[in-house]
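Enquirer: Just the structure for this:
(chains A, B, C and D)
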There are 2 protein chains.
Amino acid sequence: MNSKKRVTSYDVAKAAGVSQSAVSRVYIDGRSVSKKTKSKVLATANELGYKPNAIARMLITKRSGMVAVILSSRVNLIYPEVLSLLNKRLSEKNERVLLFNLDDAAGLDDILEHIWTFQVDGVIAIAAHFDNKSINKFKEHQIPVVLYNRRVSGHSASSVCCNHEQGIYELVNILHDYEHSKYLVVAGPAESDVAQERCELAIKALASKGNNDVPIQYGDFSYDSGRHAFSQWMASNSAPTAVICSNDTMAIGVIDEARKQFGLKVPEDLSVVGFDGVNAVFWHSYQLTTIKQPVEQMTKAAVDILLEQIASPENPAQLRVWSGSLIEGSTVGPAKNET
Amino acid sequence: MNSKKRVTSYDVAKAAGVSQSAVSRVYIDGRSVSKKTKSKVLATANELGYKPNAIARMLITKRSGMVAVILSSRVNLIYPEVLSLLNKRLSEKNERVLLFNLDDAAGLDDILEHIWTFQVDGVIAIAAHFDNKSINKFKEHQIPVVLYNRRVSGHSASSVCCNHEQGIYELVNILHDYEHSKYLVVAGPAESDVAQERCELAIKALASKGNNDVPIQYGDFSYDSGRHAFSQWMASNSAPTAVICSNDTMAIGVIDEARKQFGLKVPEDLSVVGFDGVNAVFWHSYQLTTIKQPVEQMTKAAVDILLEQIASPENPAQLRVWSGSLIEGSTVGPAKNET
DNA sequence: TTGTATGCGTTATCAA
DNA sequence: TTGATAACGCATACAA
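Expert: Numbering: from 1, shown residues only, chains lettered A, B, ... in the order given. Have a look, this model is predicted:
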């Protein structure tokens, strides 16, 4: 069993009786090759099982055909879907996804240092915290970046965002119209920018309706933390009539806890809203009223913008914002006001 | 604004007054470099912002530091978790994940051809269909591969699997002990090997208990398909007393459909079991009785085996199988036998 | 249209 | 321990 050596363009060239550069040209669109040599090269290449080596190509062209996707390990149920869509759309454009995990162990700086060495064509960062200092590093290294659901002051980086403000105001409006006045906000983890933003917006929206000093319980975006947040609050307070959760999974936790531990009916005794529009909000046992992020459009735009910036690095940074769409579930109803 | 050129080892060498190879040696463990030159090189490298170019390194070492992960687009809720864990464990070993999507558009062959060009160190395929022909290609290209929840006849490739047989027999045993006799199997999509295996095992297990000709409804692993499968069956048949679903998400769909459309109580009127052990099975509204795959152990083993085979390609293929663990929910009870 | 020669940025080999 | 030099496999400028 002779351990096969890799077939190179030289091997093909020799076998086909042409020069190495001729072989190379065959695999690049728009290079001048005669029909005859092209077919000859392709035939022998096929015979020998030759494929151009992507690594060698990267070294010379300075394009890797890879896009780094930075994923925060803060698990929000919606991100697997986002990743999957990004991957699909990027493959269509002939770019591969190289995954980087942003957890607490390795800081962003370490990851970025790592990313540069791979000569990736661009970077998409999903809900990760970026400041202008980090963005400047991208500029220095001349690598385009698109932030997903994050933005940075001064429009220095392209962003694709869901309009949290609009969505949360919409939810608060509905609750307000039902005359709720005893609110509880269940927020996500303090380390998450998205969580913090949604929480602040909820507080602001409530204040604009005259509801001040609304209490906040913190969770970590998980189901259990939603349950826990609600029971924590109930341990030493009376029940709210409406709970605004920073994501759907916690909202579902709140609903279950309210039903199971406190015998509350949703929405008769308690209204609950979430955010994201994950699949489970449609499940019959919950039918959560929430805001759905337009992931299809957002992922498409993220990829389009990134490729555009790869093609024309001098283009200015873009910001695109989508309104979320209201999912009218059945977890919101009139406030049950005590007499 | 002078567009910075990339800093290379030559630049560092010149600035530090040493040879280029000296710089290179500093970044490779176990190469002989004096303490003095090492510190000198590191200092100037730091000053200039030098990092070795991973691409150039790949070209010469023939190791890319990347592992291709093939993900089937058949979305089963458990795979995002698997991917996330694999990514984490591989990063710890200093390997990056390069994502490849196996959807219906591009066949496996195309993807494999693509993979070779990236000179990945190894491949992990999650629940993707592989035959011996594909496995042989890996052998030809001398790239180690580990299959996740798939195996191939003749032990020709390493696999990490959950023992579906044991798990499904355990579930069937429980149902049998409760004296069920009217069963329905809700299977996954026909294209999925895992789905097919689970379905066949369920039929076999039921037959071993004397239940023959058990009807099968097909879904696609999604919640809606679970609901639909159940209502389809009910449209022209009487209710079963037990439903065996090929994954948790469909099981949850079945429960909701049974409750909502047919007024059945779970488990009083209908017992339901699933498979996988996704987070949602613990949610209070469902508390599904199911089998949990040991994803932690399986992903760890997948990475360990792969790295081992990368280090010693001559090692024989390994198969590791774990039993799933029973999650005793509250969706199984005694059969309600008609009088 | 084709071939020659050079370079991409590293690691590996060898002699000093 | 160090430095010169040759790969790695391709793309590209230039000459033919």
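
Enquirer: Tell me how many other residues crowd residue A:170.
Expert: Residue A:170: 17 surrounding residues under other C-beta atoms under 10 Å in any protein chain shown. Where C-beta positions appear, they are placed from N, C-alpha and C, glycine not excepted.

Enquirer: Over to the one 5 residues further on?
Expert: The local packing of residue A:175 (other C-beta under 10 Å) involves 26 other residues.

Enquirer: Quick one: residues contacting it.
Expert: Neighbouring residues of residue A:175 by C-beta atoms under 8 Å, 6 or more residues apart in numbering or on different chains: A:183, A:242, A:244, A:271, A:273, A:332.

Enquirer: If you rank those by neighbours, which is first?
Expert: Ranking the contacts of residue A:175 using other C-beta under 10 Å puts residue A:244 first, with 31 neighbours.

Enquirer: Quick check: that one touching residue A:273?
Expert: Yes - using C-beta atoms under 8 Å, residue A:244 is in contact with residue A:273, at 5.6 Å.

Enquirer: For the two, list the residues in contact with both.
Expert: By C-beta under 8 Å, 6+ apart, the residues touching both residue A:244 and residue A:273 are A:171, A:175.

Enquirer: Based on its surroundings, how many neighbours for residue A:83?
Expert: 23.

Enquirer: That one belongs to a helix?
Expert: Yes - assessed by DSSP: H, G, I helix; E, B strand; the rest coil, residue A:83 belongs to a helix.

Enquirer: On the three-state scheme, residue A:14 is what?
Expert: Applying three-state DSSP: residue A:14 is helix.

Enquirer: Might you report the residue contacts of it?
Expert: Contacts of residue A:14 (C-beta under 8 Å, 6+ apart): none.

Enquirer: how far away is it from DNA strand C?
Expert: 11 Å (C-beta to the nearest atom of the strand, to the nearest Å).

Enquirer: same question, residue A:292
Expert: From residue A:292 across to DNA strand C, the span is 45 Å (C-beta to the nearest atom of the strand).

Enquirer: how deep is that residue tucked in, by neighbour count?
Expert: 18.

Enquirer: Look at the closest residue to DNA strand C within chain A and tell me its secondary structure.
Expert: Residue nearest to DNA strand C within chain A: residue A:32 (2.4 Å; C-beta to the nearest atom of the strand). The three-state assignment at residue A:32 reads coil, by three-state DSSP.

Enquirer: Turn the contacts of residue A:175 into TSV, including pLDDT, secondary structure and distance to DNA strand D.
Expert: Formatted as TSV, those follow (pLDDT from 0 to 100; DSSP: H, G, I helix; E, B strand; the rest coil; distance: C-beta to the nearest atom of the strand, whole Å):
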residue	pLDDT	secondary structure	distance to DNA strand D
A:183	97	strand	60
A:242	98	strand	60
A:244	98	strand	54
A:271	98	strand	60
A:273	98	strand	53
A:332	97	coil	58
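
Enquirer: Just give me the closest of those to residue A:113.
Expert: For the contacts of residue A:175, the closest approach to residue A:113 (C-beta to C-beta) belongs to residue A:244, at 39.2 Å.

Enquirer: quick one, what contacts the closest one?
Expert: Residues near residue A:244 by C-beta under 8 Å, 6+ apart: A:168, A:171-172, A:175, A:183-186, A:202, A:206, A:273.

Enquirer: could you pull out the strands for the stretch 201-339 of chain A?
Expert: According to DSSP state E, counting those that start in this stretch, the stretch 201-339 of chain A carries its strands in the segments A:216-218, A:242-245, A:271-273, A:290-292, A:319-323, A:325-327.

Enquirer: For chain A, which residues score under the pLDDT cut-off?
Expert: For chain A, the stretches with pLDDT under 70 are A:1-4, A:73-77, A:104-106, A:337-339.

Enquirer: that older thread, closest one to residue B:297 out of the contacts of residue A:244, please.
Expert: residue A:186 (33.2 Å).

Enquirer: what lines up beside the helix or strand hosting the closest one in the sheet?
Expert: Under the criterion of DSSP states H and E, residue A:186 resides in strand A:183-187. In the sheet, strand A:183-187 lines up against strand A:216-218 (parallel), strand A:242-245 (parallel) (DSSP bridges).

Enquirer: So which residues make contact with the shortest one?
Expert: Strand A:216-218 has contacts (C-beta under 8 Å, 6+ apart) with A:184-190, A:199, A:203, A:229-230, A:232-233.

Enquirer: Look at residue A:136 and say how many residues are nearby.
Expert: 12.

Enquirer: can you check the one 5 residues further on too?
Expert: By the measure other C-beta under 10 Å, the count of residues near residue A:141 is 17.

Enquirer: Spit out the contact partners of it.
Expert: With contact set as C-beta under 8 Å, 6+ apart, residue A:141 has these partners: residue A:116.

Enquirer: One more pass at 10 Å, please.
Expert: A:112, A:115-116, A:119-120, A:123, B:4, B:6, B:49 (C-beta atoms under 10 Å, 6 or more residues apart in numbering or on different chains).

Enquirer: which of the residues you listed lies closest to DNA strand D?
Expert: Nearest to DNA strand D, judged by C-beta to the nearest atom of the strand, of these is residue A:119 at 12.8 Å.

Enquirer: how about the closest one, secondary structure?
Expert: Going by three-state DSSP: residue A:119 is coil.

Enquirer: Now it, what are its backbone angles?
Expert: phi 50, psi 40 (degrees, to the nearest 10).

Enquirer: do the same with residue A:163
Expert: phi -80, psi 90.

Enquirer: Please parse chain A into its domains.
Expert: Domains of chain A are assigned by automatic domain parsing as A:9-61, A:66-162+A:294-325, A:164-292.

Enquirer: Deepest-packed of those, please.
Expert: The highest average neighbour count among these, using mean count of other C-beta atoms under 10 Å in any protein chain shown, belongs to domain A:164-292 at a mean of 21.

Enquirer: Next, the distance between the ends of that one.
Expert: By C-alpha to C-alpha, to the nearest Å, the extent of domain A:164-292 from end to end equals 10 Å.

Enquirer: now it: how far from the chain's centre is it?
Expert: 22 Å (C-alpha atoms, centre = their mean, to the nearest Å).

Enquirer: What of stretch A:129-141?
Expert: Relative to where its chain is centred, stretch A:129-141 has its mean C-alpha point 18 Å off (C-alpha atoms, centre = their mean).

Enquirer: got it, and stretch A:141-148?
Expert: For stretch A:141-148, the distance to the chain centre is 14 Å (C-alpha atoms, centre = their mean).

Enquirer: that older thread, contacts only, for the residue of chain A closest to DNA strand C.
Expert: residue A:25.

Enquirer: Get me the contact residues on the stretch 201-339 of chain A for chain B.
Expert: A:222-224, A:227, A:249, A:252-253, A:255-257, A:259-261, A:279-280, A:282-286, A:313 (C-beta under 10 Å from any C-beta of the partner chain).

Enquirer: separation between the residue in chain A that chain B sits nearest to and DNA strand D?
Expert: Closest residue of chain A to chain B, C-beta to the nearest C-beta: residue A:80 (3.3 Å). Look at residue A:80 and DNA strand D: by C-beta to the nearest atom of the strand, they are 34 Å apart.

Enquirer: Ok, residue A:83 next?
Expert: Distance from residue A:83 to DNA strand D, by C-beta to the nearest atom of the strand: 29 Å.

Enquirer: Do I have it right that that residue meets residue A:100?
Expert: No - counting by C-beta atoms under 10 Å, residue A:83 sits too far from residue A:100 to count as a contact (11.7 Å).

Enquirer: Overlap of the contact sets of these two?
Expert: Taking C-beta under 10 Å, 6+ apart as the criterion, residue A:83 and residue A:100 both touch A:69, A:71.
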